[in-house]
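Colleague: coords below, sequence missing:
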């Protein structure tokens, strides 16, 4: 039975590097930091030490190193962030010895197996006789790089620090009537995203959301909602659909009373996994304003998606995500007008399918906060 090769501390540090951009509002990074520490706690509870180490370290790198360079940011002004930094540093100190021991044990075991499998090379110009060989006991190296085999007790979970509702989903800004970007994305630019965790979405979400939005759709008014869910065994699951207080028009959907969303998510330990909205009379695509809205979600969580329901058009359902090129372009876009075209817009985003799993057997909780 094959065993996944454990990573060294150096490898974990390499994949935990974070980078920031001064053009991105610091509030986005604060929300991203909150999501990082929440995910780290889940991995810690699941005793997934490597992932817990990575996410706690990402939090430290983001808050203490990268954001310290960001204009107008000082983590010392945020008591919850200070406490989360202490929690993360304590967890890293607890996790490191166990990770190092498991990696060193694997390396020793791997070396022993490699040496055992090597065939001895006979000396040149010499033919050994049976008397030259002495029997050696058979040696079967067994993998010993698990916590149980090392008798390493599971580390205690650091105390959970109550965050101050920092995981703020970006507002859905007003959308201007579109003229140039009434098109559909192509799938020819699909990229390999194997590094993303699987995002499980119940197929019932389309029917459930359209039922909620039925009245608004009948009068040509948009409806929006927040995808919320859980992290379990290194997969993300949309379990709840939050419908916030909102005001909409035919091309506008603005959320109100966002604090109610954050309160519900905190009390139920939910993560923000993306957003969903209707296009009552438009086709199924992401407008230029939608691209900027979703950019904020994807910066906070790389796996986040934007779902569009267009009940009066075909196709009537799409799960979208910015491409790497698109994320960079939208992040660096300095245009202030709500409506503005983007060159090569068909390569900016894609109808996501590679890391998304639509699950017909999953249930969905609907929480209408209106």
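Modeller: Sure thing, it's come through. Source: prediction; values computed, not measured.

Colleague: Which strands and helices lie in contact with the lengthiest helix in the chain?
Modeller: Longest helix in the chain, counting residues (DSSP state H): helix 79-117. For helix 79-117, the elements it packs on are helix 9-14, helix 26-45, helix 49-60, helix 147-150, judged by 3 or more C-beta pairs under 8 Å, 6 or more residues apart in numbering; DSSP states H and E. C-beta here means a position set from N, CA and C on the backbone, and glycine is covered the same way.

Colleague: if we look at the third one, which residues are touching it?
Modeller: The contact list for helix 49-60, computed with C-beta atoms under 8 Å, 6 or more residues apart in numbering, reads 6-7, 12-13, 15-16, 18, 33, 36-37, 39-40, 43-44, 84-85, 88-89, 91-92, 95-96, 98-99, 102, 147, 155, 234.

Colleague: Tell me, please, where in the stretch 201-350 of the chain the pLDDT is lower than the cut-off.
Modeller: Across the stretch 201-350 of the chain, nothing is flagged by pLDDT under 70.

Colleague: quick one, helices of it?
Modeller: Taking DSSP state H, counting those that start in this stretch as the test, the helices found in the stretch 201-350 of the chain are 204-212, 214-218, 258-267, 288-300, 324-331.

Colleague: Just give the number of residues close to the closest residue to residue 329 other than its chain neighbours.
Modeller: Using C-beta to C-beta, 6 or more residues apart in numbering and skipping the chain neighbours, the partner closest in space to residue 329 is residue 348 (6.1 Å). By other C-beta atoms under 10 Å, 23 other residues sit near residue 348.

Colleague: Could you do the one 10 residues further on as well?
Modeller: Using other C-beta under 10 Å as the criterion, residue 358 is surrounded by 16 other residues.

Colleague: Confirm it sits in a strand?
Modeller: Yes. Under DSSP: H, G, I helix; E, B strand; the rest coil, residue 358 falls within a strand.

Colleague: pLDDT score for it?
Modeller: pLDDT, residue 358: 96.

Colleague: That one reaches residue 206, doesn't it?
Modeller: No. Using C-beta atoms under 8 Å, residue 358 is not in contact with residue 206, being 9.4 Å away.

Colleague: quick revisit: turn the helices and strands packed on helix 79-117 into TSV, including mean pLDDT, distance to residue 253 and mean neighbour count.
Modeller: Putting the helices and strands packed on helix 79-117 into TSV (pLDDT from 0 to 100; distance: least, C-beta to C-beta, whole Å; neighbours: other C-beta atoms under 10 Å) gives the following:
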stretch	mean pLDDT	distance to residue 253	mean neighbour count
helix 9-14	96	41	14
helix 26-45	95	20	22
helix 49-60	98	32	24
helix 147-150	48	48	13
